[in-house]
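> Give me the fold of what follows.
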Amino acid sequence: MFEPARLRTLWELVEYRARASGDAPMFFDGDDGRTVTFKAVRDAAAGAAAGFRKWGIGAGTRVLWQLPTRIDTVVASLALARLGAVQTPVIHLHRAREVGFVLRESAAEFALVPGAWRGFDYAAMVRDAAGDHCDVRVVSVADGLPQGDPTTLPEAPAAADDATRWIYYTSGTTSAPKGVEHTDASLIAGGVGLATALGMTADDVGSIAFPYAHVAGPDYVIAMLVSGFPAVVLESFDADRAAAVYRRHGVTMAGGSTAFYQAFHDASRRRRAAAPGAGPLIPSLRLLSGGGAPLPPELYRAAGRELGCALVHGYGMTESPMIAMGTPYDADEQLAHTVGRPVAGARVRIVRADGSAAATGETGEVTVSGPMVFRRYTDPALNAGAFTADGAFRTGDLGHLRSDGHLVLTGRLKDIIIRKGENISAQEVEDLVHTHPAVAQAAVIGLPDRERGERVCAVVTLVAQRDGAAPPLTLADLTSHLRAAGLMTQKLPEQLEITDALPRGGPLDKVLKAVLRERYGQQPRDPRPHR
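Alright, predicted model coming up:
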């Protein structure tokens, strides 16, 4: 039997799904109400490809695009895939400094932008970022994608597993972003891993409310093409508005990251408070799914109870879009405390500092190999230390494999707090801080300390009470709670900071710990919480 997962180019997968499910919906536009079928998406992409070709874009042409999450953005990306262009998607949040670096390193020949969007002129910004250093043609597609006759197109480029077709840039906060080169085949392998784990069918309705320019964008669309399910597309995410649109379309799977879970949880509570007996926030919802940031077990339990659905979290990164994923068939304990098993095709190995294999349950660095792993970094200097001697990618994450095959992440190699020579996982402490009833959100960081090397600092936001006031929380209250939860004395926070909101950024709204370290690292140590 023919299997779409065996296809090696994205365009082959588009053609396959258009033949298999042509008149079935692929996208529901949450902003203008349009419904677009799989066949219509294929045809629109072919027409746009012919239009791009008239501009001079073809196989190997390097095209940067910085576009909002829209159906036309997906179509443009598929059109470039049809031509065999090398795509560099850039998150809309990036500005001249980051875009200028990406333009230069990726050697972009074209840049597709939305013109002026949300009061910001992207075309002017890209031109300014290019300056005299980059010979790039900046094109606004505000009025639509170019059109041409698909019959004039040459044959689609054949599969080439070693041909770079995508360059994604990591969003580092303290150093230059890294260019990550993917092939069509590596992105397809990631999408197949996601589709296999989630078990979605044509009867499901998914959602894309995160930036499509993130590597999760094609990962998700490939899962749609493999499984044949449609998705609602939203240009921007607001939990209350998204929930209303999802109710209208009967969305069965929503999510994106931990921040999305929290937002839906909070929206549901607001809705119940305003209209008791209103029913579930999204009655059709059976799955919340995502990744990109740690999932505190307490949020897993709270969101699942509140929304009445399974919460299935996973693990991936720009260099390998899917590494591990929970499934709807996993037990609550597995879903709350692990990121699932390695996805189909991924080989996960935990290694000690000396490179030897760690035992089951022993913490070490997570390495991954398999068809979803990227080819290389664009900067050759970064490749030597990125892989083990046997070719596996070194993720920089710490974790262990359990006897049931599930992967537990315990922190980053760079997110370890070293207190008096003792390695402390920030994530371990964070998970327990989240369980305090007064804590809404938490981040744990290490701060410079003359006596200890580093001290443990918990930065939290508090749960608002009915009168709008937050309950008091002291460092003594928090450490007493953590002791009762079994946290060893050496790992207890020595500093508590209470803030109105944690700084977040990037496409998946991650907590910016570098900002917190800068904010609180220069302050004299004071055991009293201060704002």
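> Domains in this structure, by residue range?
38-186, 237-413, 420-521 (automatic domain parsing).
> can you give me the helices in the stretch 101-250 of the chain?
For the stretch 101-250 of the chain, applying DSSP state H, counting those that start in this stretch gives helices covering 122-130, 184-198, 216-227, 239-249.
> Out of those helices, which is closest to Y329?
Among the helices of the stretch 101-250 of the chain, helix 184-198 comes nearest to Y329, with 9.8 Å by Cβ to Cβ. Just so you know, the C-beta spots here come from the backbone N, C-alpha and C atoms, and that holds for glycine as well.
> Quick one: low-confidence residue ranges for the protein.
Within the chain, the stretches with pLDDT under 70 are 1-5, 161, 171-175, 421-422, 466-471, 523-531.
> Got the phi and psi for the residue in it sticking out farthest from the centre?
In terms of distance from the mean C-alpha position of the chain, E451 ranks first, at 38.0 Å (Cα atoms, centre = their mean). E451 has phi and psi values of phi -80, psi -40 when expressed as degrees, to the nearest 10.
> Quick check: it vs G292, distance?
Here the distance between E451 and G292 works out to 36 Å (Cβ to Cβ, to the nearest Å).
> now do E497
Distance from E497 to G292, counting by Cβ to Cβ: 24 Å.
> again, but for P177
Taking Cβ to Cβ, one finds P177 at 16 Å from G292.
> Likewise for L80?
25 Å.
> Comparing the two, which residue is more hemmed in?
More crowded of L80 and G292, by other Cβ atoms under 10 Å: L80, with 27 against 23.
> and the more buried one, what is it in contact with?
Residues near L80 by Cβ atoms under 8 Å, 6 or more residues apart in numbering: 49, 52, 57, 63, 65, 87.
> For the stretch 251-400 of the chain, just list every one of the strands.
Using DSSP state E, counting those that start in this stretch, the strands of the stretch 251-400 of the chain run over 253-256, 287-290, 310-317, 320-325, 341-342, 347-351, 364-369, 376-377, 393-401.
> no no, the stretch 1-150 of the chain
Secondary structure of the stretch 1-150 of the chain (DSSP E, counting those that start in this stretch): strands located at 25-29, 35-37, 62-65, 86-89, 110-113, 116-117, 120-121, 137-140.
> contacting residues around the most centrally placed residue in the chain?
Geometric centre of the chain, nearest residue: G292, 4.4 Å, by Cα atoms, centre = their mean. Neighbour list for G292: 216, 256-258, 316, 508, 510 [criterion: Cβ under 8 Å, 6+ apart].
> need these in JSON lines with distance to P328, can you?
Output for these, formatted as JSON lines (distance: Cβ to Cβ, whole Å):
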{"residue": "A216", "distance to P328": "19"}
{"residue": "G256", "distance to P328": "17"}
{"residue": "S257", "distance to P328": "19"}
{"residue": "T258", "distance to P328": "18"}
{"residue": "G316", "distance to P328": "18"}
{"residue": "L508", "distance to P328": "22"}
{"residue": "K510", "distance to P328": "25"}
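> any idea which of those residues is the one closest to G190?
Closest approach between the contacts of G292 and G190, by Cβ to Cβ: G316, at 6.9 Å.
> what's around the residue nearest to G291 when sequence neighbours are not counted, how many residues?
Of all residues not flanking G291 in the chain, G314 sits nearest, at 4.2 Å (Cβ to Cβ, 6 or more residues apart in numbering). By the criterion of other Cβ under 10 Å, G314 has 25 neighbours.
> Would you check that G314 makes contact with T338?
No. Using Cβ atoms under 8 Å as the test, G314 is too far from T338 to be in contact (10.3 Å).
> Overlap in contacts, these two.
Shared contacts of G314 and T338, defined by Cβ under 8 Å, 6+ apart, are found at 324, 326.
> could you measure A96 against R127, distance?
10 Å.
> actually L462, sorry about that
45 Å.
> L93 too?
With the distance defined as Cβ to Cβ, L93 ends up 19 Å from R127.
> Looking at the two, which one has more neighbours?
A count of neighbours by other Cβ under 10 Å puts R127 above the other of L93 and R127, at 16 against 13.
> and the more buried one, what does it touch?
Residues near R127 by Cβ under 8 Å, 6+ apart: V138.
> Kindly report the same for P472.
Residues in contact with P472 (Cβ under 8 Å, 6+ apart) are A438.
> Mind checking what secondary structure it has?
When classified by DSSP: H, G, I helix; E, B strand; the rest coil, P472 comes out as coil.
> thought V456 was touching T489?
No. In this structure V456 lies outside contact range of T489 using Cβ under 8 Å: 11.1 Å.
> How many neighbouring residues does R6 have?
10.
> mind listing what it touches?
R6 touches nothing, counting by Cβ under 8 Å, 6+ apart.
> Most neighbours out of the contacts of L80, which is it?
Counting by other Cβ under 10 Å, top hit in the contacts of L80: A49 with 29 neighbours.
> My guess is it contacts S77. True?
No. Applying Cβ under 8 Å, one finds A49 not in contact with S77, separated by 10.9 Å.
> Touching both of the two, which residues are there?
The contact sets of A49 and S77 do not overlap (Cβ under 8 Å, 6+ apart).
> Counting neighbours, go ahead and name the busier of V456 and T489.
V456 (21 against 8).
> The more buried one - nearest residue in space that isn't next to it in sequence?
Leaving aside its chain neighbours, V456 sits nearest to P493 (4.6 Å; criterion: Cβ to Cβ, 6+ apart).
> Check G256 too.
Of all residues not flanking G256 in the chain, F210 sits nearest, at 4.1 Å (Cβ to Cβ, 6+ apart).
> Could you report the neighbour count for that neighbour?
Close neighbours of F210, defined as other Cβ under 10 Å, add up to 23.
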